[in-house]
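[1] coordinates only, sequence not included:
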């Protein structure tokens with residue numbers, strides 16, 4: 001004999017509706033976490049497994065910026081949009097506006113993740129952990145990890161580039177370690 005508190009049918013309904021898991025996949029600019037997850041989903045599908053729902057917070061950040069009235073009125077932002085990467089235009093915006101746009105995008109991303117996991121699908125929330133401000137040599141601290149806690153991530157995976165690739169990128173044209181960008185470093189300085 002089995003003892004049930006309340007409606008015995010509810011227990012079987014709870015077991016039938018399993019929630020999906022959430023992982024956060026982060027990385028520095030240039031790591032391309034969405035591409036990594038696309039390849040992972042291809043791998044899963046070749047093995048007849050369900051793909052992971054990918055929610056890209058950066059895409060949502062760009063979408064919110066494109067829809068924002070202040071951004072639409074900014075000639076600097078509109079000029080930067082002519083580049084091939086809209087996220088670069090977004091990073092030229094003033095910090096308080098960037099922070100608000102990121103928070104709006106994070107809320108929408110969390111909502112999309114909750115919808116997917118509520119339907120039993122695993123989800124990956126993709127974001128860059130830090131952003132580089134293209135008009136200076138500063139990193140932009142707009143990420144608020146607390147706002148992502150509501151999706152109860154099972155783990156965080158932080159992708160990194162090969163250190164030598166990162167070094168080459170940083171000392172390249174307009175890089176942090178380029179002697180024309182950051183005058184304290186000469187072009188022949190060795191860090192390794």
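    Thanks, I have the structure now. Values in this document were obtained by computation on a predicted structure and should not be read as measured data.

[2] in this structure, what spans have low per-residue confidence?
    For the chain, residues meeting the criterion pLDDT under 70 lie at 1-17, 29, 84, 135, 137, 162-167, 169, 173-192.

[3] all helices of it, in order?
    For the chain, the helices defined by DSSP state H occupy 8-16, 33-46, 57-67, 69-73, 75-80, 86-91, 95-118, 163-171.

[4] a markdown table for these, including mean neighbour count and distance to residue 151?
    From N, CA and C alone the C-beta is placed, and that goes for glycine too. Shown next, in a markdown table, are those (neighbours: other Cβ atoms under 10 Å; distance: least, Cβ to Cβ, whole Å):
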| stretch | mean neighbour count | distance to residue 151 |
| --- | --- | --- |
| helix 8-16 | 10 | 20 |
| helix 33-46 | 14 | 16 |
| helix 57-67 | 19 | 11 |
| helix 69-73 | 12 | 26 |
| helix 75-80 | 14 | 30 |
| helix 86-91 | 20 | 22 |
| helix 95-118 | 18 | 5 |
| helix 163-171 | 14 | 29 |
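
[5] reformat those helices as TSV; add distance to residue 143.
    Below are these laid out as TSV (distance: least, Cβ to Cβ, whole Å):
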stretch	distance to residue 143
helix 8-16	34
helix 33-46	14
helix 57-67	9
helix 69-73	19
helix 75-80	20
helix 86-91	13
helix 95-118	7
helix 163-171	19
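
[6] show me what the residue nearest to the spatial centre of the chain is bridged to.
    What sits nearest the mean C-alpha location of the chain, by Cα atoms, centre = their mean, is residue 127, with 1.0 Å. Assessed by DSSP bridges, residue 127 has beta-bridge partners residue 26.
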